[in-house]
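# I would like the atomic coordinates for the input below:
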Amino acid sequence: MTCTDFLSQLTDYFDGKVDPQLLAEVQAHIRECRHCEVVLDTTRQTIAIYRENEIYEFPADLRERLHAAIMKKCNSAR
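Numbers count the residues shown, from 1 in each chain. This is a model prediction of the structure:
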């Protein structure tokens with residue numbers, strides 16, 4: 001299984017719609033690929049936050065840096 005294969009199965013994985021053989025391949029890939037493990041963990045955490053309706057407040061300095069980076073990117077795209 002490649003990373004692209006893994007990403008194409010991610011939604012079905014979370015929906016529990018992956019057949020057992022493919023699930024075993026997905027799980028084996030996650031054990032071997034740190035990148036996809038991070039994607040899976042981050043996606044899992046994001047889903048949990050949305051399900052809990054938890055509002056996450058960024059620290060002020062991080063919020064300002066993020067906003068500045070987004071604005072810089074938007075302005076350079078024009």
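# now do the helix or strand harbouring A24, average pLDDT.
In this assignment (DSSP states H and E), A24 forms part of helix 20-32. Regarding helix 20-32, the rounded mean pLDDT is 93.
# kindly report the same for stretch 39-51.
On average, the pLDDT along stretch 39-51 is 89.
# can you dump the C-alpha atoms of that stretch in PDB for me?
Output of stretch 39-51 as PDB, limited to C-alpha atoms (Å, rounded to 0.1, in the frame of the first residue of the first chain):
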ATOM      1  CA  VAL A  39      -2.100  12.100   9.100                       C
ATOM      2  CA  LEU A  40      -4.300   9.500  10.800                       C
ATOM      3  CA  ASP A  41      -3.700  10.800  14.300                       C
ATOM      4  CA  THR A  42      -4.300  14.400  13.300                       C
ATOM      5  CA  THR A  43      -7.500  13.500  11.500                       C
ATOM      6  CA  ARG A  44      -8.700  11.500  14.500                       C
ATOM      7  CA  GLN A  45      -8.000  14.400  16.800                       C
ATOM      8  CA  THR A  46      -9.700  16.900  14.500                       C
ATOM      9  CA  ILE A  47     -12.800  14.700  14.300                       C
ATOM     10  CA  ALA A  48     -12.800  14.400  18.100                       C
ATOM     11  CA  ILE A  49     -12.600  18.200  18.600                       C
ATOM     12  CA  TYR A  50     -15.600  18.700  16.200                       C
ATOM     13  CA  ARG A  51     -17.600  16.000  17.900                       C
END
